[in-house]
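Student: 3D, please:
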Amino acid sequence: MKLPPLDEEFGDPPLEVVEWADSQTTFTSWTYVHEIADDRPALGLMLTAGWVLRENDDAILICASLGGIDGKTTPQIAEAVTIPKCAIRRRHVITGGKGG
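Tutor: Numbering: from 1, shown residues only. Next up is the predicted model:
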């Protein structure tokens, strides 16, 4: 799906699926160290799909919903998350962006 440019600053943001490792709460209350059975902490594996609106050397800002794209109102975003690049395992560009 080709979006109209959001504005001059954002242009045509790429639509991507990003696989990334997330932190997770392991214990929700005080826990004795000897009760920790697994000596290999696990990370949550996440998939996020959306438009990459910002990117720098450290992170991407991706949002799942865009509103006001009819050109008659000011564009808005929702369900946005900043993902550290060190947590990203894979990225798949679906469409858009400079190459889309």
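
Student: for Thr74, see how far away Gly67 is.
Tutor: Here the criterion is Cβ to Cβ, to the nearest Å. By it, Gly67 lies 9 Å from Thr74. Using the backbone N, CA and C atoms, a C-beta is placed for each residue, glycine as well.

Student: where does this structure have low pLDDT?
Tutor: Low-confidence regions of the chain, defined by pLDDT under 70, span residues 1-10, 38-40, 97-100.

Student: packing partners for the longest strand seen in it?
Tutor: In the chain, taking DSSP state E as the definition, the longest strand is strand 44-55. On a contact count with 3 or more Cβ pairs under 8 Å, 6 or more residues apart in numbering; DSSP states H and E, strand 44-55 meets strand 15-22, strand 59-67, strand 76-84.

Student: can you put those in TSV and add distance to Thr95 and mean neighbour count?
Tutor: As requested, the helices and strands packed on strand 44-55 are arranged in TSV below (distance: least, Cβ to Cβ, whole Å; neighbours: other Cβ atoms under 10 Å):
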stretch	distance to Thr95	mean neighbour count
strand 15-22	5	17
strand 59-67	13	17
strand 76-84	18	14
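
Student: how about those strands, which one is nearest Leu45?
Tutor: strand 15-22 (6.2 Å; Cβ to Cβ).

Student: pairing partners for that closest one, with directions?
Tutor: In the sheet, strand 15-22 lines up against strand 44-55 (antiparallel), strand 88-95 (antiparallel) (DSSP bridges).

Student: and the ones you listed, which is most packed in?
Tutor: Sort those by mean neighbour count, taking mean count of other Cβ atoms under 10 Å, and strand 44-55 sits at the top with a mean of 16.

Student: can I get the CA coordinates of that strand in CSV?
Tutor: Extracted C-alpha coordinates of strand 44-55, given in CSV (Å, rounded to 0.1, in the frame of the first residue of the first chain):
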residue,chain,number,x,y,z
GLY,A,44,11.0,-12.4,25.2
LEU,A,45,11.0,-12.6,21.3
MET,A,46,8.8,-9.9,19.8
LEU,A,47,7.5,-9.2,16.3
THR,A,48,6.4,-5.6,15.6
ALA,A,49,5.0,-4.5,12.3
GLY,A,50,4.6,-0.8,11.4
TRP,A,51,6.0,2.3,9.8
VAL,A,52,9.5,3.3,10.7
LEU,A,53,9.2,7.0,11.4
ARG,A,54,12.6,7.7,12.9
GLU,A,55,16.0,5.9,12.9
